[in-house]
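Novice: My questions concern the predicted model and sequence given below.
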Amino acid sequence: MTIAQVRASEISEKALRYDLTVPFARYVVQHQNEITFPFKRYQIQPVWRADRPQKGRYREFYQCDADVIGSKSLLNEVDLLLIMREVFAALGLNVQILVNNRKVLSGMAKLFKVEERLVDFVTILDKFDKIGVAVLDEYRKAGFPEDAVARIEQFVMMKDSVQMTPRGTYLRRSCEDCVPAALTGLDEIDALRNFSNAISNGR
């Protein structure tokens, strides 16, 4: 490979757009005195993965973004949730939309006494749907204390269902005194579910 080819490769790598979030943030900062808040936008265009794609994934793909900035109202989250429902319904896809809350995750980390490793805790927990209880081995490999793994195991082994949510009940009871922010996160998830269902049923 010639020097020119190497340079061309380096330039093309740096020119790739890896996501739509950074350009959105840049636009808001540059035009903050011109736009009205809360500011809403959607954007669809090709982007590229910065890391080496895993098997079954492409380096280039289309990213579809819908964002709201400038408001903390849960109604904005309801809007985004309904957008997802409408898009998948229009595509004829039957999907399950999962909602999370950072306050709950932070509360869980504090409850399990691993708050100093919040990112690692959440990253591994995110694999639970794919590898199940094998996440416990992942925590051990990552150097989490055995007593912390035991607390996490108690949580992940609980069985949720449509009628009962033992995990939610466990978190509410456990965080009631020590992690009030986690309770706020759980309340926000419940409110989001109730708002979106009420709006959907009223249409």
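Specialist: Received, thanks.

Novice: hey, which helix is longest across this protein?
Specialist: helix 180-202 (DSSP state H).

Novice: Now do that helix: which elements does it pack against?
Specialist: When contacts are defined as 3 or more CB pairs under 8 Å, 6 or more residues apart in numbering; DSSP states H and E, helix 180-202 sits against helix 74-90, helix 102-111, helix 166-178. Yep, even glycine has a C-beta here, placed from its N, CA and C like the rest.

Novice: Name the surrounding residues that touch the last one.
Specialist: For helix 166-178, contacts defined as CB atoms under 8 Å, 6 or more residues apart in numbering pick out 104, 107-108, 110-111, 155, 158-160, 182-183, 186.

Novice: same check, this time on the first one
Specialist: Helix 74-90 is contacted from outside by 38, 40, 42, 64, 66, 68, 94-95, 97, 99, 188, 191-192, 195-196, 199-200, using CB under 8 Å, 6+ apart.

Novice: The second one too?
Specialist: With contacts defined as CB under 8 Å, 6+ apart, helix 102-111 is touched by 115, 117-118, 121-122, 125, 151, 155, 171, 174-175, 178-179, 181-186, 188-189.

Novice: Give me the buried positions along stretch 35-49.
Specialist: 39-40, 47-48 (16 or more other CB atoms under 10 Å).

Novice: List just the nearest of those residues to residue 21.
Specialist: residue 47 (9.9 Å; CB to CB).

Novice: Kind regards, and thank you for your time.
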